[in-house]
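**Q** have a look; sequence and predicted model below, questions after that.
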Amino acid sequence: MDIEYSDGRMRPLAAERWFGPIEGDCRLLARCDGPTLDVGSGPGRLTVALKRMGVPALGIDINPLAVRLTRRAGGLALRRSVFDPLPLTGRWSQALLADGNIGIGGDPAALLLRLRELVRPGGTVIAELAEPGSPSRVEQVRLRRGERAGEWFAWATVSANDIGPIARRCGFPSADHWNEAGRCFATLS
């Protein structure tokens with residue numbers, strides 16, 4: 001499967017990497033110390049890992065196959081958009097936006113405002129970001145497998161350089177940056 005951009009570029013999706021641990025996941029998961037919402041959880045690698053660590057976790061994804069895979073692996077998951085009504089609104093300790101999921105909806109500010117509603121006072125959002133110096137942008141993309149292509153949708157990329165001002169506007173005054181295994185993260189609190 002590929003990601004097709006509206007300007008004609010294509011890049012492999014390589015979704016198979018989401019089925020097992022990815023280098024850097026351990027440090028990401030170690031920052032989860034209470035009920036955690038895994039936004040865009042895919043097949044549930046982080047949701048299931050948190051459960052195995054004894055951390056309550058719920059994965060949400062709009063893809064029914066992703067939800068089934070998470071459940072089959074032993075995790076809790078709902079087929080929902082992050083913008084839909086969700087359980088424990090205002091009581092999550094953490095929300096995860098791993099694997100570039102800060103791009104969901106193509107509007108990082110709208111997504112972070114929604115997560116501000118979902119996490120408890122003092123709760124955090126842990127977001128995986130693009131490398132410092134890379135451009136932040138919103139693009140129209142779609143998934144393609146050979147001749148079959150899905151609908152176009154907006155997807156955002158946020159550089160580590162740009163997350164601080166966006167986070168502050170959305171009620172997260174602090175953006176603590178960290179890197180692990182070539183991945184760039186920020187803990188927003």
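**A** Looks like it came in fine.
**Q** so L88, which state does it fall into?
**A** Taking DSSP: H, G, I helix; E, B strand; the rest coil as the rule, one finds L88 in the coil state.
**Q** can you give me the helices in this protein?
**A** Per DSSP state H, the chain carries helices over the ranges 25-30, 45-52, 64-72, 108-118, 163-169.
**Q** centre of the chain to the fourth one, how far?
**A** By that I understand helix 108-118. Helix 108-118 sits 12 Å away from the centroid of its parent chain (C-alpha atoms, centre = their mean, to the nearest Å).
**Q** if we can go back for a sec, need the winner for burial among the helices of the chain.
**A** helix 45-52 (a mean of 22; mean count of other C-beta atoms under 10 Å). Every C-beta, even on glycine, is put in place using the N, C-alpha and C of the backbone.
**Q** which residues sit against that helix?
**A** With contact meaning C-beta atoms under 8 Å, 6 or more residues apart in numbering, helix 45-52 is reached by 18-22, 25, 28-29, 32, 36, 38, 41, 56-59, 70, 73-77, 96, 98.
**Q** closest one to D2 among the helices of the chain?
**A** Evaluated over the helices of the chain, closeness to D2 peaks at helix 64-72, with 17.8 Å, by C-beta to C-beta.
**Q** which other helices and strands does that closest one contact?
**A** Secondary-structure packing of helix 64-72 (3 or more C-beta pairs under 8 Å, 6 or more residues apart in numbering; DSSP states H and E): strand 57-61, strand 77-79.
**Q** go again using 10 Å as the cut-off
**A** Where contact means 3 or more C-beta pairs under 10 Å, 6 or more residues apart in numbering; DSSP states H and E, helix 64-72 is packed against helix 45-52, strand 57-61, strand 77-79.
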